[in-house]
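1. 3D, please:
(one chain, ligands or ions: 1)
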Amino acid sequence: MKTINIERFKNMLLEEKKRILKNLKSEKEDEERIGESWSEPRDLEDWAHISLTEDLKSKLASRDISTLMEIEEALRRINRGTYGICEKCGAAIEEERLELIPWTRYCSKCAREMSR
Ligand SMILES: [Zn+2]
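-> Next up is the predicted model:
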């Protein structure tokens, strides 16, 4: 089994997280400050440490929330060393699929079965 480049996917996840949070910040900036303590992280690694507070959640569109939650979960799986493994059947998730959806939990076969 060929090993995937976790670092690359981790960066993809962090970039996406950053993008969503930045969107949120610029959208809401005029109306209200997002938490006084919310300062913009300087490097990508710092974005990994921002967690979703209830406050942030209430400001996000539901689609963005679910994506962010999936990203958080995926980052946790990277830390645990279970990233890229299907949660349903335990098989390795196809790299092409991870390219499209880096935070996916399931291989394409299980995802297809579940969407039925
Ligand atoms: Zn599977």
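2. from here on, contacts and neighbour counts on C-alpha atoms
-> Fine.
3. Quick one: residues in contact with stretch 66-83.
-> When contacts are taken as Cα atoms under 8 Å, 6 or more residues apart in numbering, the neighbours of stretch 66-83 outside the stretch itself are Ile6, Lys10, Leu13, Leu14, Lys17, Ile20, Ala48, Ser51, Pro102, Trp103, Thr104, Arg105.
4. And the second one, its phi and psi?
-> Same thing as Lys10. Main-chain dihedrals, Lys10, degrees, to the nearest 10: phi -60, psi -40.
5. For Asp55, see how far away it is.
-> Using Cα to Cα, to the nearest Å, one obtains 25 Å as the distance from Lys10 to Asp55.
6. can you map out the strands along this protein?
-> Using DSSP state E, no strands are found in the chain.
7. Spell out which parts of it neighbour the ion.
-> Cys86, Cys89, Cys107, Cys110 (Cα under 5 Å from the ion).
8. do you know how far the last one is from Thr82?
-> In this structure, Cys110 lies at 17 Å from Thr82, with Cα to Cα as the measure.
9. try the third one
-> Note on Cys107: its distance to Thr82, by Cα to Cα, is 13 Å.
10. Which one's more surrounded, those two?
-> A direct count of neighbours by other Cα atoms under 10 Å for Cys107 and Thr82 places Cys107 higher, at 22 against 15.
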